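Asks: Sharing a model that was predicted from the sequence below.
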Amino acid sequence: VAGLGNYGLWGTRHSVGMAVLDRLARQLAVAEGWRVDRRCCADTALAVARGLELLLLKPRRLMNLNGLSIASAAEIYNLRPEDIYLVHDDLDKALGKVAIKLGGSARGHNGVRSCISALHSNEMTRLRVGIGRP
């Protein structure tokens, strides 16, 4: 589960994917387990939910390069694109509304575009979190 955003720009709407992962880590009782993984240039935490092992990942890069971290992690942890869940902001959804999307285009989202390019696939499941338009 990868939370897209601009690392270090906490609290901005475009980094909502990382905020969702922080909340998920708290709910799964692994919030103290975040570690820097230099191999994929990301903060990672391992969790178990309903018997499934999860790798939570927050790229330590700017949004336009998030895909490089995710592709590196996919290689390290032997994950296929269809094993990856991206959590990212969506300008076209009202603030707080969410939708799940399987595959498809980036729809103008540079972080998703970076993931599609780096993974050579658009088969990731995406949780789109509405941030509304300014």
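Replies: On my side now, so go ahead.
Asks: for Leu21, helix, strand, or coil?
Replies: Secondary structure state of Leu21, per DSSP: H, G, I helix; E, B strand; the rest coil, is helix.
Asks: OK, contacts around it?
Replies: Taking Cβ atoms under 8 Å, 6 or more residues apart in numbering, we find Leu21 in contact with Val1, Ala2, Gly3, Leu56, Leu57, Lys58, Val87. C-beta coordinates here come from the backbone N, C-alpha and C atoms, glycine included.
Asks: which among these end up buried?
Replies: Neighbour-count burial (16 or more other Cβ atoms under 10 Å) is assigned, among the contacts of Leu21, to Val1, Ala2, Gly3, Leu56, Leu57, Lys58, Val87.
Asks: Tally up the residues packed near Glu123, please.
Replies: By the criterion of other Cβ atoms under 10 Å, Glu123 has 15 neighbours.
Asks: Assign it to one of the three secondary structure states.
Replies: Under three-state DSSP, Glu123 falls in the coil class.
Asks: do you know how far the residue nearest to Met124 when sequence neighbours are not counted is from Trp10?
Replies: Leaving aside its chain neighbours, Met124 sits nearest to Ile84 (4.5 Å; criterion: Cβ to Cβ, 6 or more residues apart in numbering). Ile84 sits 23 Å away from Trp10, going by Cβ to Cβ, to the nearest Å.
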